[in-house]
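J.: Need a 3D model of the following:
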Amino acid sequence: MSETEPAPALPPKRIRRPNPWFRPGRLLPMAGGLIVLLAIVQMLVWNWMAGRLQAGYDAWATLRREQGWRIEHGVPVRGGWPFTATLRLPEFRLLGGGASLPGGLEWSARAVTLRVALHSPGELRIAAGGPQRLRLGAVEVPFAADRLTAVLPLQANVIPRGGEFEASRLRIGTASGGLEIRSAYLTFDSRMTAIEGEPAVTLQGGAHDVTLPTPTPLGRQVAMLRLDAALTGPLPGGRNPTHRAAMWRDAGGTLELRQLDLEFGPVTARTAATLALDDQLQPMGAGTLRLTGAEALLDALAQDGLITPRNAGLARRVVGVLARPPAEGEPPQLEVPLTLEGRSLAVARMPVARMPVLLWPGPTKGSGPGP
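T.: Numbering: from 1, shown residues only. This next block holds a predicted model:
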């Protein structure tokens, strides 16, 4: 290119015009409007959930009152916004019972709170804390808990088939003193259509760090208690517990103790058994007990004077013969059969205890359907 030739002209520069919708001055009002809209939607959803919770409780209370129950409490208070809907029932009191519970039932609490989370509308949580009172017939049990909750499926016009219960620092008053449980849980499920041999009711539960009201030969501290059980069907209907129990027995009903574990001081016991009802509607059955720490148990019983030193020595020799050879680093384990017949509990065919009579309301003989 020569010095006299002019330089080529550059193409005109495109000027980008700002989008009128994204001007800085408009972003803040748009964000504010969106927040207000979301808040309105949230409030509408919360109001709907709170109303549904109130309506569900009112329907339940009305049905219970029609069945003869008494339900008393102060003015319900809604709350929980924005993420949960709650209904607080102050000074709650429930009274009822009937033929299935002579003497009736009474439960009172300082307050009961029903809660449904917006992200889980099909689940109802029931919480009660502080001092409470439970009366079953003539037996009255005062108790308190730092946390006592129940989780139930929430479905319209359907009785819950199962649920979960949890408690922390549960204190129970007894005639012998106070019983305290650091933590406990229970889950249950039911199938009213179960046929013979099928689980109709299943229970799983446990407790940790249980302090007994009075000392025992093994101390007062139970480290762990665990239960896994199933009640097989079919479960008969009716209002008379005696006739229902007889019909359940005649249909082949059983109680399967799949697991009953106990850790108490130096002793660990694991039990599995199958129980039924005999012709007098008393428990009967058989199972297996696996026990570690049997010698420590015998020493504790002898020290407390519950067995003589001579019998303790004889029992130690029996334990030595029956105990399994321990694995490396593990204590010996004793495995023995259990039988319950005629209210007599036997371990390895040796009677060890006489069980109390299981009392049923009404006549105890016969297996007719009754009223």
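J.: Isn't L231 up against P199?
T.: Yes. With contact defined as C-beta atoms under 8 Å, L231 and P199 form a contacting pair (7.1 Å). Heads up, the C-betas are built off the backbone N, CA and C, glycines and all.
J.: Can you pull the residues that touch both of these two?
T.: Counting by C-beta atoms under 8 Å, 6 or more residues apart in numbering, the shared contacts of L231 and P199 are E256.
J.: Next SSE downstream of the helix ranked longest in the chain?
T.: Ranked by number of residues, the top helix in the chain under DSSP state H is helix 24-66. From helix 24-66 onward toward the C-terminus, using DSSP states H and E, the following helix or strand is strand 70-72.
J.: need the next SSE after that following strand, C-terminal direction.
T.: That would be, after strand 70-72 and using DSSP H and E, strand 77-79.
J.: Partner strands of that next one, with direction?
T.: According to DSSP bridges, strand 77-79 has the following sheet partners: strand 84-98 (antiparallel).
J.: what is the orientation angle of the partner strand with helix 24-66?
T.: Put simply, strand 84-98 runs at 0 degrees to helix 24-66, going by axes from the mean of the first three to the mean of the last three C-alpha atoms, to 10 degrees.
J.: mean confidence score for strand 84-98?
T.: For strand 84-98, the mean pLDDT works out to 89.
J.: what's in contact with it?
T.: Residues from elsewhere that reach strand 84-98 (C-beta under 8 Å, 6+ apart): 46, 49-50, 52-54, 57, 64, 67-80, 103-118, 128, 239.
J.: Kindly report the same for stretch 186-197.
T.: By C-beta under 8 Å, 6+ apart, the list of residues contacting stretch 186-197 from outside reads 161-165, 198-205, 232-235, 251-253.
J.: follow-up on the earlier one: quick one: list the elements packing against the longest helix of the chain.
T.: Counting contacts by 3 or more C-beta pairs under 8 Å, 6 or more residues apart in numbering; DSSP states H and E, helix 24-66 packs against strand 70-72, strand 84-98, strand 101-117.
J.: where do the helices sit along the chain?
T.: If DSSP H is used as the criterion, the helices of the chain fall at 24-66, 241-250, 294-303, 309-322.
J.: who wins for proximity to D209 among those?
T.: With C-beta to C-beta as the criterion, D209 lies closest to helix 294-303 of these, at 20.0 Å.
J.: What's the local residue count around V45?
T.: Residues contacting V45 under the criterion other C-beta atoms under 10 Å number 14.
J.: which residue sits closest to L231 in space, ignoring its chain neighbours?
T.: Excluding the flanking residues, the one nearest L231 by C-beta to C-beta, 6 or more residues apart in numbering is V201, at 4.2 Å.
J.: Bridged to that neighbour, which residues?
T.: Beta-bridge partners of V201, as defined by DSSP bridges: S190, L231.
J.: Residue numbering should commence at 2 henceforth.
T.: OK, 2 is where the count begins now, so the last one is V202.
J.: if I look at it, how far off is R240?
T.: Distance from V202 to R240, counting by C-beta to C-beta, to the nearest Å: 18 Å.
J.: Contact partners for L171?
T.: Residues near L171 by C-beta under 8 Å, 6+ apart: 144-146, 149, 181-182, 185.
J.: if you set the cut-off to 10 Å instead, what comes out?
T.: Shown in contact with L171 (C-beta atoms under 10 Å, 6 or more residues apart in numbering): 144-149, 180-185, 208, 211.
J.: Any regions of this structure where pLDDT drops low?
T.: 2-31, 33, 98-104, 156-161, 326-330, 363-372 (pLDDT under 70).
J.: Am I right that R111 is in contact with A146?
T.: No. R111 is beyond contact range of A146, at 11.5 Å (criterion: C-beta atoms under 10 Å).
J.: and those two? which has more neighbours close in?
T.: Neighbour totals were compared for R111 and A146, and A146 leads with 21 against 13 (other C-beta under 10 Å).
J.: Quick check: bridge partners of the residue lying closest to that one once chain neighbours are set aside?
T.: Spatial nearest neighbour of A146, excluding adjacent residues (C-beta to C-beta, 6+ apart): L171 at 4.6 Å. In this entry, L171 is beta-bridged to A146, I182, by DSSP bridges.
J.: quick revisit: next, format the helices of the chain as JSON lines and append distance to L125.
T.: JSON lines is the format used below for the helices of the chain (distance: least, C-beta to C-beta, whole Å):
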{"stretch": "helix 25-67", "distance to L125": "8"}
{"stretch": "helix 242-251", "distance to L125": "28"}
{"stretch": "helix 295-304", "distance to L125": "44"}
{"stretch": "helix 310-323", "distance to L125": "50"}
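J.: That's all I had, so thanks and see you.
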